[in-house]
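In: Just the structure for this:
(one chain, ligands or ions: 1)
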Amino acid sequence: MFQNSNTSTMQAQTLLIIDDEPSNLCIVESYLEKAGFNLLLALSGEESLLIAKKALPDLILLDVMMSGMNGFETCLQLKKAPETREIPVIFMTALDNMEDKLKGFDVGAVDYITKPLNEKEVLARISTHLQLRSLQKDLQDKNQRLQEEIQRCTTAELAQRESETQFQVIFNNAYVAISLMNVTANYLQVNEEFIRLLGYSAAELEQVRCQDITHPDDQALSEQNLSRIRHREITSCAFDKHFIRKDGSMFLGSNWLAGLYDEDTQCCYGFVCVITDLTEREQTYAKIQTLSRAVEQTHSAVVITDNTGCIEFVNPAFTEATGYSTEEAVGAYPNILKSGYQDQAFYTNMWVTLKSGELWQGELVNKRKDGTIYWEYVTISPIKDEQDRIINFIAVKKDITERKAAEIALQEAKEKAEIASQAKSAFLANMSHEIRTPMNAILGFTEILNGMITDPTQQDYLKTIQNSGETLLDLINDILDLSKVEAGKMQLDETPVNLIKVFQEIAQMFKPKTQAKGLDFQVDIAQALPEWLLLDETRIRQILINLLGNAIKFTQQGVIRLSLIIHDLDIKNHVCSLEFSVQDSGIGIPLEQQENMFKAFEQQAGQSQAKYGGTGLGLAICQQLAMLMKGEIQVSSQVGKGSIFTINLDKLKILHPPSKRLKAHQPEQDVNFAPATILIVDDQMVNRKLLDLQLKKYGFKNLHANNGEEALFIIEETQPDLILLDMIMPIMNGMETIQQLKQNPKTRALPVIAVTADAITDEAKAFSQLCDGAVTKPIAKSELLEMLKSFLTIETQTQT
Ligand code: ADP
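Out: Here you go, the predicted structure:
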């Protein structure tokens with residue numbers, strides 16, 4: 001068997017023989033079979049192309065002169081096809097001229113065998129070309145491998161260079177401090193961050209060991225870790241340690257250490273170390289710790305939810321307040337606390353506020369796990385991220401159940417007190433009415449009797465009745481005033497007031513009394529006092545009369561001084577402050593009792609009732625009235641030397657002179673009325689009689705009615721000129737009567753004067769308003785006369 005000497009494996013070679021002459025084929029076949037080749041035969045060029053492409057023979061013997069596709073053409077086609085291009089082709093030819101042979105080489109043949117074929121030559125040439133082919137193939141393979149190796153090396157080198165560059169970039173620009181150390185932990189290379197963090201320059205670090213920048217407390221641990229890596233017990237480790245900077249300052253850093261080992265010997269030749277500064281983390285951690293401790297330990301319940309309201313955190317105070325454990329609360333929604341006391345609209349409003357990024361604050365009634373109800377004051381704030389999106393809600397809740405209970409109790413107590421106070425006021429109003437009615441008769445008839453009695457003893461008795469009646473009336477008025485203020489029913493009636501006039505009138509009023517006691521009465525008014533001020537004249541008069549009454553009562557000799565000082569006169573803003581004072585040189589009040597004197601029914605200890613009388617209500621009323629006017633009253637007194645009471649009223653409004661002049665005080669006049677019929681409607685005969693007597697002097701025709709019903713009848717029959725109408729009567733009361741009169745077009749214009757025993761109740765006020773005028777019992781003659789003058793025709797009027 002013929003073998004390729006260059007092939008290590010014994011393998012039969014395949015030859016393709018092409019000749020259109022079968023006899024030629026036979027000859028060649030016989031030679032080659034013996035030599036042990038595998039043979040493929042083709043009788044034409046076309047056939048040979050197909051076989052060659054399919055079988056890929058090791059060598060081709062090709063006849064030149066063939067019918068159809070000749071040898072040259074066939075060779076050309078074989079060399080054109082990539083799969084057959086490398087197969088050596090030897091021409092078999094009978095042609096001997098050089099041109100044909102050259103043509104053969106031109107189309108790619110490697111050799112020629114000339115016919116007639118010589119067996120040895122054929123085998124020798126085939127063997128040669130097969131060996132050449134084999135050598136060529138080997139060469140190509142080696143070349144191929146060499147190319148690949150070169151390629152691989154180039155790629156590896158590039159990759160290494162790239163990796164080194166990348167390492168340097170990372171090393172230098174890292175935000176952490178990186179260092180390379182030799183096996184004795186001396187620094188070989190450090191990055192920018194390392195230099196910045198430790199404060200050493202790169203050159204200085206050449207002289208510094210890892211242990212030099214380690215705090216003494218951490219040096220043992222650090223050395224131990226270096227040693228373990230050095231001995232390959234571990235290859236890397238991470239631990240926190242304190243570093244010392246060049247300037248001596250210290251910081252805590254996280255230290256990652258890894259060994260560098262020789263590939264061959266596996267010996268440690270150095271270390272790589274990465275340091276992360278933990279200062280900020282520590283500070284943040286400390287801050288978080290403080291916050292966390294605060295939230296954990298605060299007495300207020302704290303709840304943190306996600307942005308849907310799902311609970312993420314609750315503190316111990318929450319657990320204590322609600323009875324829900326952390327495990328039960330986290331993952332649940334705050335509606336576990338819903339008590340049903342707030343309606344849906346309440347919660348909707350809360351959510352709308354919170355979702356719009358605003359804070360919500362308010363009181364909530366909630367339910368604990370055990371079903372008990374409690375009150376809390378809640379502040380809920382949205383927590384936002386950098387993009388201003390709401391990520392959480394935090395609720396801080398304070399249990400206000402106790403406060404709420406106290407508030408409710410207070411409210412209830414207040415309501416009860418108000419009811420009690422209203423009941424007291426109603427009682428007093430009733431009482432006053434009940435007392436005023438007989439008082440009306442007592443004082444009225446006393447006045448009438450006074451003009452009839454001439455006997456001095458009888459006159460004396462009458463005077464005592466009158467004084468006692470007046471004292472009783474004063475007492476009733478005081479009690480009424482006090483209860484009115486305490487019930488919050490006293491309202492100020494502020495009008496333009498000329499204080500100079502008021503002082504003059506008061507001085508006039510008290511002059512006789514001071515003269516009778518031989519006291520020096522002085523009145524001082526500030527020069528700069530504005531003419532008109534907005535004040536409640538009646539109440540300021542009441543205070544001053546009260547204080548002056550006391551001053552005179554408690555002073556036996558010396559002086560009584562009424563003065564008015566002006567403070568803080570602010571012309572621009574039309575306001576000023578006033579200080580009224582009433583000073584006396586009387587008995588004085590001991591210091592420890594002064595405060596008490598402003599309480600109702602309080603008088604000086606041991607004070608003689610027989611000598612001074614009084615009820616102890618005056619100062620209490622003065623104080624209440626001063627407070628109502630947003631002012632205050634004070635006393636300064638010395639026993640045996642005298643007292644001074646001062647009232648300060650701040651920020652009083654200064655007015656321009658009113659266009660309507662105040663009604664000047666008119667002296668009493670004698671009046672002659674034109675004849676008139678007056679109907680007196682009162683269920684009390686004594687009252688009707690008294691009015692008869694009071695009106696007698698004017699010569700009216702007086703008619704009487706017991707109640708409203710009778711009155712309406714009489715009015716229809718007689719058509720009187722004026723009606724005096726009592727309020728409280730049986731069958732038909734005053735209110736119903738006036739309503740009927742005013743509804744009836746025939747009687748609507750008839751003047752009706754209300755006669756009431758009180759002016760405090762709402763009913764009495766309403767009644768007086770429906771009527772055309774009103775007088776209060778006990779009826780003062782002057783008051784009644786003024787009313788009559790307003791409605792009846794006057795014939796003559798003379799001043800007395
Ligand atoms: P009343 O004068 O009716 O007793 P007040 O409330 O006006 O009631 O006065 C209470 C008490 O204060 C008096 O009873 C008296 O003891 C004392 N007091 C009031 N004013 C003076 C004063 N100017 N000098 C001495 N004591 C006074």
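In: Please name every helix or strand in contact with the host helix or strand of residue 155.
Out: Element membership for residue 155 (DSSP states H and E) is helix 119-173. With contacts defined as 3 or more C-beta pairs under 8 Å, 6 or more residues apart in numbering; DSSP states H and E, helix 119-173 has these neighbours: helix 22-34, strand 59-63, strand 89-93, strand 111-114. All C-beta atoms are positioned from the backbone trio N, CA, C, and that covers glycine.
In: residues making contact with the second one?
Out: I take that to be strand 59-63. Strand 59-63 is contacted from outside by 13, 15-21, 24, 28, 48, 52, 71, 74-75, 78, 87-93, 109, 113, 122, 126, 129-130, 133, using C-beta atoms under 8 Å, 6 or more residues apart in numbering.
In: Can you flag the buried ones in the residues you listed?
Out: Among the contacts of strand 59-63, those classed as buried by neighbour count (16 or more other C-beta atoms under 10 Å) are 13, 15-20, 24, 28, 48, 52, 71, 74-75, 78, 87-93, 109, 113, 122, 126, 129-130, 133.
In: picking that back up, would TSV of the helices and strands packed on helix 119-173 with distance to residue 355 be doable?
Out: Conversion of the helices and strands packed on helix 119-173 to TSV gives the following (distance: least, C-beta to C-beta, whole Å):
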stretch	distance to residue 355
helix 22-34	99
strand 59-63	90
strand 89-93	91
strand 111-114	97
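In: Now do the strands in the stretch 551-700 of the chain.
Out: Using DSSP state E, counting those that start in this stretch, the strands of the stretch 551-700 of the chain run over 559-570, 575-584, 632-638, 642-655, 669-673, 677-681.
In: do the stretch 201-350 of the chain as well
Out: 236-244, 250-261, 268-277, 301-306, 311-314.
In: Likewise for the stretch 351-500 of the chain?
Out: Using DSSP E, counting those that start in this stretch, strands in the stretch 351-500 of the chain cover 360-367, 373-384, 390-399, 495-497.
In: how far away is residue 278 from residue 284?
Out: Going from residue 278 to residue 284 by C-beta to C-beta, to the nearest Å gives 10 Å.
In: now residue 452
Out: 105 Å.
In: With residue 66 instead?
Out: The gap separating residue 66 from residue 284 is 95 Å, by C-beta to C-beta.
In: pretty sure residue 113 is touching residue 92, no?
Out: Yes - using C-beta atoms under 8 Å, residue 113 is in contact with residue 92, at 5.2 Å.
In: and among the helices and strands packed on helix 119-173, the most buried is which?
Out: Of all the helices and strands packed on helix 119-173, strand 59-63 has the most neighbours on average by mean count of other C-beta atoms under 10 Å, namely a mean of 25.
In: returning to that earlier point: same list, the strands of the stretch 201-350 of the chain, but as TSV with mean neighbour count and mean pLDDT please.
Out: As requested, the strands of the stretch 201-350 of the chain are exported to TSV (neighbours: other C-beta atoms under 10 Å; pLDDT from 0 to 100):
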stretch	mean neighbour count	mean pLDDT
strand 236-244	15	93
strand 250-261	18	93
strand 268-277	19	93
strand 301-306	19	95
strand 311-314	19	95
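In: Out of those, the one nearest residue 138 is which?
Out: Set against residue 138 and scored by C-beta to C-beta, the strands of the stretch 201-350 of the chain come closest in strand 250-261, at 42.4 Å.
In: Identify the residue nearest the residue of the stretch 351-500 of the chain at minimum distance from the ligand in space, chain neighbours excluded?
Out: Ranked by C-beta to the nearest ligand atom, the top residue of the stretch 351-500 of the chain for proximity to the ligand is residue 478, at 8.0 Å. Nearest residue to residue 478 in three dimensions, chain neighbours excluded: residue 617, at 4.2 Å (C-beta to C-beta, 6 or more residues apart in numbering).
In: Contact residues of the stretch 401-550 of the chain facing the ligand?
Out: 546, 550 (C-beta under 6 Å from any ligand atom).
In: export the helices and strands packed on helix 119-173 to a markdown table and tack on mean pLDDT and distance to residue 613?
Out: Below are these laid out as a markdown table (pLDDT from 0 to 100; distance: least, C-beta to C-beta, whole Å):
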| stretch | mean pLDDT | distance to residue 613 |
| --- | --- | --- |
| helix 22-34 | 88 | 170 |
| strand 59-63 | 93 | 163 |
| strand 89-93 | 91 | 163 |
| strand 111-114 | 88 | 168 |
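In: would you turn these into CSV with distance to the ligand?
Out: Listed next are those as CSV, based on distance: least, C-beta to the nearest ligand atom, whole Å:
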stretch, distance to the ligand
helix 22-34, 159
strand 59-63, 151
strand 89-93, 152
strand 111-114, 157
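In: Of all these, which one is nearest residue 334?
Out: Among the helices and strands packed on helix 119-173, if distance is taken as C-beta to C-beta, the winner is strand 59-63, at 94.9 Å.
In: Distance from the chain centre to that closest one, please.
Out: Chain-centre distance of strand 59-63: 103 Å, with C-alpha atoms, centre = their mean, to the nearest Å.
In: Put the alpha carbons of it into PDB.
Out: C-alpha atoms of strand 59-63 as PDB (Å, rounded to 0.1, in the frame of the first residue of the first chain):
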ATOM      1  CA  LEU A  59      -4.800  14.000  -6.300                       C
ATOM      2  CA  ILE A  60      -6.300  14.000  -9.800                       C
ATOM      3  CA  LEU A  61      -4.800  12.400 -13.000                       C
ATOM      4  CA  LEU A  62      -6.400  14.200 -15.900                       C
ATOM      5  CA  ASP A  63      -6.300  13.300 -19.600                       C
END
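In: Downstream of it, the next helix or strand is which one?
Out: With DSSP H and E, the next secondary element past strand 59-63 is helix 71-80.
In: What ranges in the stretch 501-650 of the chain fall below the confidence cut-off?
Out: Nowhere does the stretch 501-650 of the chain drop to pLDDT under 70.
In: With the stretch 701-800 of the chain instead?
Out: The model of the stretch 701-800 of the chain has pLDDT under 70 over residues 758-761, 796-800.
In: quick revisit: what's the most buried one of the strands of the stretch 551-700 of the chain?
Out: strand 677-681 comes out most buried of the strands of the stretch 551-700 of the chain by mean count of other C-beta under 10 Å, with a mean of 22.
In: Flag every residue of the protein that's near the ligand.
Out: Residues of the chain lying close to the ligand by C-beta under 6 Å from any ligand atom are 546, 550-551, 554, 584, 586-589, 597, 603-604, 607, 614-620, 643.
In: Generate a ChimeraX selection restricted to the buried entries among those residues.
Out: A single ChimeraX command selects the buried members of the residues of the chain next to the ligand (16+ other C-beta under 10 Å):
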select :546,550,551,554,584,586,587,588,589,597,603,604,614,616,617,618,619,620,643
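In: Now do the helices in the stretch 501-650 of the chain.
Out: Counting by DSSP state H, counting those that start in this stretch, the segments of the stretch 501-650 of the chain that form helices are 537-553, 591-594, 609-612, 618-628.
In: Kindly reformat these as a markdown table containing distance to residue 296.
Out: Below are the helices of the stretch 501-650 of the chain laid out as a markdown table (distance: least, C-beta to C-beta, whole Å):
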| stretch | distance to residue 296 |
| --- | --- |
| helix 537-553 | 61 |
| helix 591-594 | 55 |
| helix 609-612 | 70 |
| helix 618-628 | 50 |
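In: so which of those helices comes closest to residue 227?
Out: Per C-beta to C-beta, nearest to residue 227 of the helices of the stretch 501-650 of the chain: helix 618-628, 89.4 Å.
In: So what would you say the end-to-end distance of stretch 383-392 is?
Out: This stretch, stretch 383-392, spans 5 Å end to end (C-alpha to C-alpha, to the nearest Å).
In: Could you check it and say which residues are buried?
Out: For stretch 383-392, it's none, nothing buried (16+ other C-beta under 10 Å).
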